[in-house]
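J.: Sequence and predicted structure below; questions after.
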Amino acid sequence: MKLYSQERRKGIPARRKSWRRATAKQRDSKASNEETPRRQQPEPRRRSAAATMELKRVYKIKQKKKKKKKKKKKKKKKKKKKKKKKKGRRKKEEGNRRRRRKEEEGNRRRRRRKEEAEEGNRRRRRSRRKETEEEEEERRRKETEERRKRKETEEEEEEEEEEEEEEEEEGGGRKQKKKKKKKKKKKKKKKKKKIHLHYQLCVHILLP
């Protein structure tokens with residue numbers, strides 16, 4: 001009953017029929033064993049001290065091998081750095097010369113590029129200046145032409161007014177035919193240059 005109760009506690013489903021059969025078989029076997037004498041089982045062999053020592057040695061060797069394998073997996077192989085050979089004096093000097101040459105060539109190229117860029121900029125500026133100068137000249141010409149035209153128109157108007165006044169004086173109110181007169185170009189009056197007072201005094205003192 002004890003076995004059965006333990007099974008129930010653990011949550012194992014009850015197996016009553018099978019359990020009854022097992023108990024019946026146990027009873028039968030007990031009865032038969034009591035009648036017949038018990039078999040004598042052979043005693044277990046005991047290992048010698050030397051054999052046990054051998055087994056321990058083998059076990060230790062295996063354990064060491066396992067540990068080594070684990071270490072190999074963890075460790076990464078480090079590459080050995082090659083030692084640089086010391087250069088001689090001549091080789092050092094040659095290397096320095098090459099380096100200087102390269103630097104000088106680079107500097108020359110930079111200078112050339114700078115000069116070319118500056119020349120290009122100068123050309124552009126010159127071309128722009130030429131364009132601006134031409135535009136200014138054209139503008140001045142136009143202004144001079146406009147002034148000339150204005151002066152001519154003003155002169156014509158003045159002449160016409162003078163003619164009308166003369167006709168009115170002569171005719172006294174009579175209507176007369178207007179005679180077309182040729183345009184007379186007025187002579188431009190030259191402006192007298194103003195001499196500086198200091199200069200005038202100097203001349204006055206020098207000349208008696």
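T.: Structure's in. What do you need?

J.: can you list the weak-confidence ranges in this protein?
T.: Low-confidence segments of the chain (pLDDT under 70): 1-42, 44, 74-77, 87, 170-208.

J.: how about 50 then?
T.: 1 (pLDDT under 50).

J.: if you go through it in chain order, where are the helices?
T.: 2-10, 16-35, 49-74, 89-171, 197-206 (DSSP state H).

J.: how near is residue 138 to residue 126?
T.: Distance, residue 138 to residue 126, using C-beta to C-beta, to the nearest Å: 19 Å. C-betas here are computed from N, CA, C, even on glycine.

J.: And residue 79, by the same measure?
T.: From residue 79 over to residue 126 (counting by C-beta to C-beta), the distance is 64 Å.

J.: ok, those two, which is more surrounded?
T.: residue 126 (10 against 6; other C-beta atoms under 10 Å).

J.: got the contact list for the more buried one?
T.: Contacts for residue 126 (C-beta atoms under 8 Å, 6 or more residues apart in numbering) come out as none.

J.: How much space separates it from residue 59?
T.: In terms of C-beta to C-beta, residue 126 sits 99 Å off from residue 59.

J.: What of residue 47?
T.: Distance from residue 47 to residue 59, by C-beta to C-beta: 14 Å.

J.: One more: residue 129?
T.: Distance from residue 129 to residue 59, by C-beta to C-beta: 102 Å.

J.: if we can go back for a sec, as JSON lines, the helices of the chain with distance to residue 83 would be great.
T.: Putting the helices of the chain into JSON lines (distance: least, C-beta to C-beta, whole Å) gives the following:
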{"stretch": "helix 2-10", "distance to residue 83": "73"}
{"stretch": "helix 16-35", "distance to residue 83": "82"}
{"stretch": "helix 49-74", "distance to residue 83": "27"}
{"stretch": "helix 89-171", "distance to residue 83": "17"}
{"stretch": "helix 197-206", "distance to residue 83": "95"}
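
J.: Out of those, the one nearest residue 43 is which?
T.: helix 49-74 (17.4 Å; C-beta to C-beta).

J.: list the helices and strands the closest one packs on?
T.: Using 3 or more C-beta pairs under 8 Å, 6 or more residues apart in numbering; DSSP states H and E, no helix or strand is in contact with helix 49-74.

J.: got the buried residues for it?
T.: Using 16 or more other C-beta atoms under 10 Å as the test for burial, helix 49-74 gives no buried residues.

J.: From residue 118, how far off is residue 127?
T.: Counting by C-beta to C-beta, the gap from residue 127 to residue 118 is 15 Å.

J.: nope, residue 139 is what I was after
T.: 31 Å.
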